[in-house]
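[1] make a model of this:
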Amino acid sequence: MFYRDERLALFIDGANLYASAKALGFDIDYKLLRQEFMRRGKMLRAFYYTALLENEEYSPIRPLVDWLHYNGYAMVTKPAKEYTDSMGRRKVKGNMDIELAVDAMELAPHVDHIVLFSGDGDFKPLIAALQRKGVRVSVVSTIRSQPPMISDDLRRQCDNFIELDELREVVGRPPREIQDRGNDEAE
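    Prediction:
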């Protein structure tokens with residue numbers, strides 16, 4: 001539930017939202033996403049968190065990051081770390097949980113409602129802390145994918161769960177043939 005006069009902030013875990021939408025078979029139209037939540041309340045900020053591979057000449061997520069930055073999103077990025085796992089596979093690690101949690105706690109005194117786009121159960125203590133400060137927290141993720149992309153603990157903790165699949169008609173677009181966003185390996 002949203003109230004038109006409440007101050008609102010969006011916190012988007014980029015890798016998690018991308019994976020959730022991909023699992024449901026659609027891409028997110030970030031212009032429509034921002035417009036949808038501006039209609040739901042007085043949106044103060046929309047943060048997007050992602051790790052970037054800095055050492056590659058071309059990062060597939062760079063065009064999205066640049067577009068978001070120019071179109072009303074506060075971008076929070078850091079270099080992703082590349083490593084080789086014990087099986088010899090190249091892996092990318094770029095967890096942004098701490099950055100998101102710190103920003104949410106800093107902004108809490110200035111908002112009434114935070115919308116978290118992530119199903120990561122690590123955010124349960126953050127949601128509890130925000131609630132203790134009087135902030136309502138909605139979580140956007142999905143239980144309709146196999147496996148579900150949201151932790152049961154996170155879903156129980158939040159004030160309101162929004163099924164991403166139910167936003168498909170409002171913020172979705174058909175997936176592109178060519179993958180234009182990396183980060184599906186980033187943790």
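[2] longest single strand anywhere in the chain?
    Determined from DSSP state E, the single longest strand within the chain is strand 42-52.
[3] quick check: the gap between the closest residue to Arg45 other than its chain neighbours and Arg168.
    Counting by Cβ to Cβ, 6 or more residues apart in numbering, Arg45 lies nearest to Ala9, which is 4.7 Å off, once chain neighbours are set aside. In this view, the C-beta of every residue, glycine as well, is placed from N, C-alpha and C. According to Cβ to Cβ, to the nearest Å, Ala9 and Arg168 sit 23 Å apart.
[4] more crowded one of these two?
    Higher neighbour count among Ala9 and Arg168: Ala9, with 24 against 15, using other Cβ atoms under 10 Å.
[5] how distant is the very next helix or strand once past the longest strand of the chain from the center of its chain?
    Per DSSP states H and E, the first helix or strand lying C-terminal to strand 42-52 is helix 62-70. Using Cα atoms, centre = their mean, to the nearest Å, the mean C-alpha position of helix 62-70 is found 15 Å from that of the whole chain.
[6] helices or strands up against helix 62-70?
    Secondary structure elements in contact with helix 62-70, counted by 3 or more Cβ pairs under 8 Å, 6 or more residues apart in numbering; DSSP states H and E, are helix 30-40, strand 42-52, strand 74-79.
[7] give me that answer again for 6 Å
    strand 74-79 (3 or more Cβ pairs under 6 Å, 6 or more residues apart in numbering; DSSP states H and E).
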